[in-house]
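In: this one's sequence-less:
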C-alpha cells in the first residue's frame, strides 16, 4: 500500500512538472508555519524522498492532502496553473470554500 501510494504521488507530481521536475512540500507538527519546499530534478531521488516521508500523507488527522495540493501547484508552476484554468479571471477557491476548477 505504501509503495503504491508513493508511486502514485510521484507520478502525479512528476507529470505536473512536465516530466522534468517536481516539488514536495512537507511540514512538521501538522502546521504550515513549519512548511518546507523540496525541489527535485531527478525522478529516482524524488521517489526515494517521498517514500521515506509517505507516512505524512497517511495520517488520519494530518494535513497530507493539503501538502499534496501545495506540492502539485508548485510542481506545475503557478503561471501554468493559471494558464490551465478555463478563464484567467477565475479563482481556485470561490464562495463558501468551494473549489472552482
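Out: Now that the structure is in, tell me what you want to look at. What you see is a predicted model; the values in this text were computed from it and never measured. Numbers count the residues shown, from 1 in each chain.

In: Contacts for stretch 36-50, please.
Out: 6-7, 9-10, 13-14, 20-27, 74 (CB atoms under 8 Å, 6 or more residues apart in numbering). Placement of C-beta: from N, CA and C, glycine included.

In: top of those residues by neighbour count?
Out: residue 22 (30 neighbours; other CB atoms under 10 Å).

In: Need phi/psi at it.
Out: Residue 22 adopts backbone torsions of phi -160, psi 160, taken as degrees, to the nearest 10.

In: Quick check, pLDDT for the most centrally placed residue in the chain.
Out: Nearest residue to the geometric centre of the chain (CA atoms, centre = their mean): residue 71, 2.3 Å. For residue 71, the model assigns a pLDDT of 97.

In: Was I right to think it contacts residue 22?
Out: Yes - using CB atoms under 8 Å, residue 71 is in contact with residue 22, at 7.3 Å.

In: Now do the shared contacts for those two.
Out: With CB under 8 Å, 6+ apart, residue 71 and residue 22 have common neighbours residue 13.

In: what helices or strands is the helix or strand bottoming out on mean pLDDT in the chain leaning on?
Out: Lowest mean confidence among the helices and strands of the chain (mean pLDDT, DSSP states H and E): helix 78-84, at a mean of 81. Packing contacts for helix 78-84, counted by 3 or more CB pairs under 8 Å, 6 or more residues apart in numbering; DSSP states H and E, involve no helix or strand.

In: Buried residues in that helix, which are they?
Out: For helix 78-84, the neighbour count (16 or more other CB atoms under 10 Å) marks residue 81 as buried.

In: Leaving out the residues flanking it, which one is nearest to residue 21?
Out: residue 41 (5.0 Å; CB to CB, 6 or more residues apart in numbering).

In: Need the phi and psi values for the one you found.
Out: phi -120, psi 10.

In: How much space separates it from residue 14?
Out: From residue 41 across to residue 14, the span is 11 Å (CB to CB, to the nearest Å).
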